[in-house]
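Peer 1: Got a sequence here, can you build the structure:
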Amino acid sequence: MSNSENKAQDVGNLQREIQQQQDQKDAAKAQGGSEQKEEQGVQAGTHEFPTNPLPDQTLDKPGIEAEMELKPQFLAPGYKGSGKLEGMSAIVTGGDSGIGRAVAVLYAREGADVALVYLPDEQQDAEETQRHIEAEGKRALLIPGDVRDFAFCRGAVEETVKAFGKLDILVNNAAFQEHADSLEDITEERFDLTMKTNIYGYFHMAKAALPHLKQGASIINTGSVVGLRGSSKLLDYSSTKGAIHAFTMSLASNLIEKGIRVNAVAPGPVWTPLNPADQTADKIKEFGASTDMKRPAQPEELSPAYVFLASPATASYISGIVLPVTGSVG
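Peer 2: Below you'll find the predicted structure:
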């Protein structure tokens, strides 16, 4: 046998050896040797985040954070403010709880006064968010109402400008979500509610805010991973999120010459009142487990992205993007 043939046979032996080693590892996993470790939620932050199974609790809509057994984490204790939004004024719709609350707290930590827009049923949550904004040394303004109503949106903007003297940041975040197994389950009334809240509300707030926004201001819209890939159980909600992504890019192009930036964040599953108010008790336990991180995000894992996009110091050259924060690769 020639030297080259010996080398070729050695390669074959090596390949078979590697195959056997992998087969042994696969067999060990099948017997549960390392399966449990692989199924644990991934931890990559400054502290531990809750993993599945989550509490099998459902909430009545619109979903009150104060009633949740497992409270969402929004304080971001590892995040240190550095004045990125110093002297600015912001409006956050859906700012009473969930992602909106986490964003409002970090905006205050970075130096901004914050107005919260929310439904009247969410007053308890809004007052809790107000306490945390004020604990950061900034002013909070509570404005209950319905973003489906343009007159209310215009009034909310005017009230904010009157209280804070200006408006620099608009975060469109309010949303309605309800699952459906079939298109036939979605009535026209329900479809209209989802559309009017999720996309009309964004349109109304942006239109009301625009006369007050100056060069360096920004609009940030909350999209969703389901707006990127769809969802068989969230037909109407996914449609609005896809529309929000297109609205973001289109409005960014429309306003770029004014020096006003428009961007969106597309979250994956996030532990907020929105989901226990939509999922059944048995399904909510595994909420977020299908992500690569094998757990849902906490609101404080989303809020720094909103700071990044809002601050002229960090994102002055960024407009028209949809930033995925999904807990999965790609």
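Peer 1: what does stretch 163-170 contact?
Peer 2: The contact list for stretch 163-170 (CB atoms under 8 Å, 6 or more residues apart in numbering) reads 85, 88-91, 107, 112-113, 115, 139, 141, 157, 160-161, 205-206, 209, 212-214, 216-220, 310. C-beta coordinates here come from the backbone N, C-alpha and C atoms, glycine included.
Peer 1: Can you say which of those are buried?
Peer 2: Buried members of the contacts of stretch 163-170, counted by 16 or more other CB atoms under 10 Å: 85, 88-91, 107, 112-113, 115, 141, 157, 160-161, 205-206, 209, 212-213, 217-220, 310.
Peer 1: Show me those residues that map onto helices.
Peer 2: Counted as lying in helices by DSSP state H, out of the buried ones among the contacts of stretch 163-170, are Y107, V157, T160, V161, M205, A206, A209, A310.
Peer 1: Include pLDDT and distance to I169 when you put the residues you listed into JSON lines, please.
Peer 2: Output for those, formatted as JSON lines (pLDDT from 0 to 100; distance: CB to CB, whole Å):
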{"residue": "Y107", "pLDDT": "98", "distance to I169": "7"}
{"residue": "V157", "pLDDT": "98", "distance to I169": "12"}
{"residue": "T160", "pLDDT": "98", "distance to I169": "11"}
{"residue": "V161", "pLDDT": "98", "distance to I169": "13"}
{"residue": "M205", "pLDDT": "98", "distance to I169": "12"}
{"residue": "A206", "pLDDT": "98", "distance to I169": "12"}
{"residue": "A209", "pLDDT": "98", "distance to I169": "9"}
{"residue": "A310", "pLDDT": "98", "distance to I169": "5"}
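Peer 1: got the buried residues for the helix or strand harbouring S238?
Peer 2: Take DSSP states H and E as the rule and S238 turns out to sit in helix 235-255. Buried residues in helix 235-255, counting neighbours by 16+ other CB under 10 Å, are found at 235-245, 247-249, 251-252, 255.
Peer 1: in its sheet, what does whichever helix or strand comes after that helix sit against?
Peer 2: As assigned by DSSP H and E, the chain's next helix or strand after helix 235-255 is strand 261-267. Counting by DSSP bridges, the strands paired with strand 261-267 are strand 218-222 (parallel), strand 322-325 (parallel).
Peer 1: closest to A28 out of those strands?
Peer 2: Nearest of those to A28, taken as CB to CB: strand 322-325 at 34.4 Å.
Peer 1: average pLDDT across the closest one?
Peer 2: Mean per-residue pLDDT for strand 322-325: 98.
Peer 1: contacts for it?
Peer 2: Counting by CB under 8 Å, 6+ apart, 223, 225, 227-228, 245, 248-249, 263-268, 297, 301-302, 305, 309 sit against strand 322-325.
Peer 1: wait, what's in contact with I133?
Peer 2: A104, V105, A108, V114, R139, A140.
Peer 1: can you put those residues in CSV and add pLDDT and distance to N173?
Peer 2: Shown next, in CSV, are the contacts of I133 (pLDDT from 0 to 100; distance: CB to CB, whole Å):
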residue, pLDDT, distance to N173
A104, 98, 10
V105, 98, 13
A108, 98, 16
V114, 98, 12
R139, 98, 19
A140, 98, 16
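Peer 1: Can you tell me which of the residues you listed is nearest P62?
Peer 2: Nearest to P62 among these, with distances taken as CB to CB, is A104, at 17.1 Å.
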